[in-house]
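Asks: give me a 3D structure for the following:
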Amino acid sequence: MDTFINFFNAAVLAGTPLLFGTLGEILTEKSGNLNLGVEGMMFMGAFSGLASVFLLEAGLAMHLAPGLAVPVAVAFSFLAGALGAFIYSVLVVTLRTQQNVTGLALTMFGIGAGNFLGEFVGRRSEVGFLTISARARQGFAQIQLPLLSDIPVLGPLLFSYNVLVYLGILIAIFLAVFLKFTRAGLNLRAVGENPAAADAASIPVAKYKYAATCIGGGICGIGGMYIIMVTTSGIWVHNAVQGFGWISVALVIFATWSPARAVVGSLLFGALTITRFYLPLGIPMQIYDTLPYIATIFVLIVTSIRPTKEHAAPAHLGLNYFREDR
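Replies: Next comes the predicted model:
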């Protein structure tokens, strides 16, 4: 039982950045925008989240309290991801550039900018690399919830994670309710399905596309910050995001654009990333590292072979809307 609990805990922690990336891209794609820049936005969020705490500690000449470090990192990583998505939105929604090419350009920009700035700021710090204090890192450590964490079996399984894990679950619940039960959510889905009809119904198509894409990009940015703050313990590591953005794009299809199923998908893919620690088969580590990507290819093949209308992508996904064409 202890082995299973430890494996489940590790899978949740490994899958949480995928959850943020998947939720952000689901919200974006519900508006009809196919943003392949998730990897780039996660890199931007990773650098901004870490650098914001680092620079604030340096400017104040003091170590930030855990309760302050977390909201600072979340806010700046969200803003960085949203900025990348805003650039994408201007190009795609306003200037009507090709969505796939624009998203790939955003990915290359985000990876390059994040890695360059992470190394640049780190080399000029006193320790020679970008990191935050041990006190600030405590805010991203495991927390114990009173009474709940002490429940046998369920306590360690469900109530023994860091605050960002619970934030990801709350965002998933909010998006599930928002998209299915609110007027704004239904309007957003209408924009993704048929923007011309939505426009005829006086729904501001461009505003919904901008809002969904920018907020979705911000959520992706938080996922990148999670990797830096939790996975690499608050230390900048070159290429830390390591393809999680691309897996998130595939997980959107696996989850069939459902925030609830995104939670399950991120848990399963998170388990694949840590299998080598719990299922030693005597094979090279590189084989284990390919498991999430092999599963990604398998998911794409299965979903393309057996498409269903209920679980289909938004009808106008990847297509630019030009009002004069309707």
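Asks: and the strands in this protein?
Replies: Here the chain has no strands by DSSP state E.
Asks: show me where pLDDT drops low in it?
Replies: Applying pLDDT under 70 to the chain picks out residues 306-310, 324-326.
Asks: residue ranges of the helices in it, please?
Replies: 2-30, 38-60, 66-89, 99-123, 134-137, 154-158, 163-181, 183-193, 195-200, 205-226, 244-254, 259-273, 275-278, 285-305 (DSSP state H).
Asks: any chance of those in TSV, plus distance to P146?
Replies: Every C-beta, even on glycine, is put in place using the N, C-alpha and C of the backbone. Formatted as TSV, these follow (distance: least, CB to CB, whole Å):
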stretch	distance to P146
helix 2-30	19
helix 38-60	27
helix 66-89	16
helix 99-123	37
helix 134-137	22
helix 154-158	11
helix 163-181	14
helix 183-193	34
helix 195-200	46
helix 205-226	24
helix 244-254	33
helix 259-273	24
helix 275-278	30
helix 285-305	35
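Asks: my read: L267 touches G15, true?
Replies: Yes - with contacts counted by CB atoms under 8 Å, L267 reaches G15, the gap being 4.9 Å.
Asks: what's the closest of the helices of the chain to W236?
Replies: Among the helices of the chain, the nearest to W236 by CB to CB is helix 99-123 (4.3 Å).
Asks: show me which positions of the closest one end up buried.
Replies: The neighbour-count check on helix 99-123 (16 or more other CB atoms under 10 Å) flags 99, 102-103, 105-107, 109-111, 113-115, 117-118, 121-122 as buried.
Asks: same deal with stretch 239-248?
Replies: 240-241, 244-248.
Asks: from the chain's centre, how far out does that stretch sit?
Replies: The chain centre lies 9 Å from the centre of stretch 239-248; the measure is CA atoms, centre = their mean, to the nearest Å.
Asks: what's it in contact with?
Replies: 17-18, 20-22, 24-25, 37-43, 46, 107, 111, 114-115, 220, 223-224, 227-228, 231-232, 269, 292-293, 296 (CB atoms under 8 Å, 6 or more residues apart in numbering).
Asks: mind running it again at 6 Å?
Replies: 17-18, 21-22, 25, 38-39, 42-43, 224, 227-228, 232, 292, 296 (CB atoms under 6 Å, 6 or more residues apart in numbering).
Asks: from start to finish, how long is it in a straight line?
Replies: By CA to CA, to the nearest Å, the extent of stretch 239-248 from end to end equals 16 Å.
Asks: try stretch 223-230
Replies: Stretch 223-230 stretches 10 Å from its first residue to its last (CA to CA).
Asks: hmm, who's touching that stretch?
Replies: So stretch 223-230 is in contact with 16-17, 20-21, 42-43, 45-46, 49-50, 73, 77, 140, 164, 240-241, going by CB under 6 Å, 6+ apart.
Asks: same check, this time on stretch 35-45
Replies: 21, 25, 28, 77, 80-81, 84, 88, 103-104, 106-107, 109-111, 114, 217, 220-221, 223-225, 241, 245-246, 248-249.
Asks: re the thing from before, who wins on neighbours among the contacts of stretch 223-230?
Replies: When neighbours are counted by other CB atoms under 10 Å, G45 leads those with 40 neighbours.
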